[in-house]
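Peer 1: Kindly generate the corresponding structure for this input.
(one chain, ligands or ions: 1)
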Amino acid sequence: MYDVPLRTPEQAIKTAERHNRKLAQRFPLLADQLDMVGAWTPEKVLEDERRWRAKMDASERRAQERGDMLRSLVAQRLTDQALTDLDAYFRRVLPQNGGYWADFWWQKLKLYWPEMAQQECPWRDKHEAFAKYEPVCRTCGRRLTPLPPDACGGESVGCESNRVAGAGEASRQTGSCKQGGNDDYLSGVWLCGRIR
Ligand SMILES: [Zn+2]
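Peer 2: All right, here's what the predicted structure looks like:
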C-alpha cells in the first residue's frame, strides 16, 4: 500500500553495517562481541522492515474501512449530489490515505448526524472513565455528566441542543445564561442557565 519500495538485500547489508559500525564506536571494548549489544544482520533488517510494513498496511486498511463505514452513515443524511461533492472535495484537497479518509468522514458525521457520531465515538468505551474529568467527550461531544441543576438542558437559547453558531453568545449577551461563557470550547457545547 505504501509507495516507497522495500529495501533491497544490498541496501540491507549497508544498513546493518552502518548500525554495527556505530555500535562498535559506542562500545569499543565489545567490538568483537557486538551481538551482546544488539548487532544487526541484513536478514534482521529485512525481516523488521517487512513486519513494520505489514503493520502499517493493516492499520491503513483499518482506517480505510472505518472511513468507508462513516461515509455510509453520512450518506444516509445527505443527497447523492452532496455526497458526490464531498467525495470530490476529499480527492481534490486532502492527502489520499486512510487516516485522512477516516477523519474526513468522522468530521462530516459529527456535523450532519451528531447523535450517530456519539454512538460511533472511538472512545465510547472510555466515556465512563472520562466522566471523572470532563463534562463532555472532547471527541464526539457526548455529555458525560448530568447538567447542573440550574442549567436549562437545551431549553434556553444557545444551550446544548442548539448548535447554531453564535447562539450561545446571544444568550450570554442577553444575560439569560447563568453559566454565561461557560462553554466547552473544544466540543462546541454550550452550557447555559435557564432563562429566568
Ligand atoms: Zn466520545
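Peer 1: Isn't R143 up against F130?
Peer 2: No: judged on C-beta atoms under 8 Å, R143 makes no contact with F130 at a distance of 11.1 Å. Every C-beta, even on glycine, is put in place using the N, C-alpha and C of the backbone.
Peer 1: same for the helix or strand containing L23, what does it pack against?
Peer 2: In this structure, L23 sits in helix 9-26 according to DSSP states H and E. Applying 3 or more C-beta pairs under 8 Å, 6 or more residues apart in numbering; DSSP states H and E, one finds that helix 9-26 contacts helix 42-75.
Peer 1: Give me the contacts around the helix or strand that the helix it packs on is followed by.
Peer 2: For helix 42-75, the following helix or strand on the C-terminal side (DSSP H and E) is helix 80-93. With contact meaning C-beta atoms under 8 Å, 6 or more residues apart in numbering, helix 80-93 is reached by 71, 74-75, 78, 100-101, 104, 108.
Peer 1: quick one, phi psi at the one residue sitting closest to the centre of the chain?
Peer 2: For the chain, D103 is the residue whose C-alpha lies nearest the centre (C-alpha atoms, centre = their mean; 6.2 Å). Backbone torsions of D103, given as degrees, to the nearest 10, read phi -70, psi -40.
Peer 1: Just give the closest residue to it, not the sequence neighbours.
Peer 2: G67 (8.0 Å; C-beta to C-beta, 6 or more residues apart in numbering).
Peer 1: likewise A39?
Peer 2: Among residues not flanking A39 along the chain, N20 sits closest, at 5.0 Å (C-beta to C-beta, 6+ apart).
Peer 1: quick one on the thing from earlier: go ahead and build a PyMOL selection from the buried members of the contacts of helix 80-93.
Peer 2: For the buried members of these, the matching PyMOL selection, counting by 16 or more other C-beta atoms under 10 Å, is:
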select buried, resi 71+74+75+101+104+108
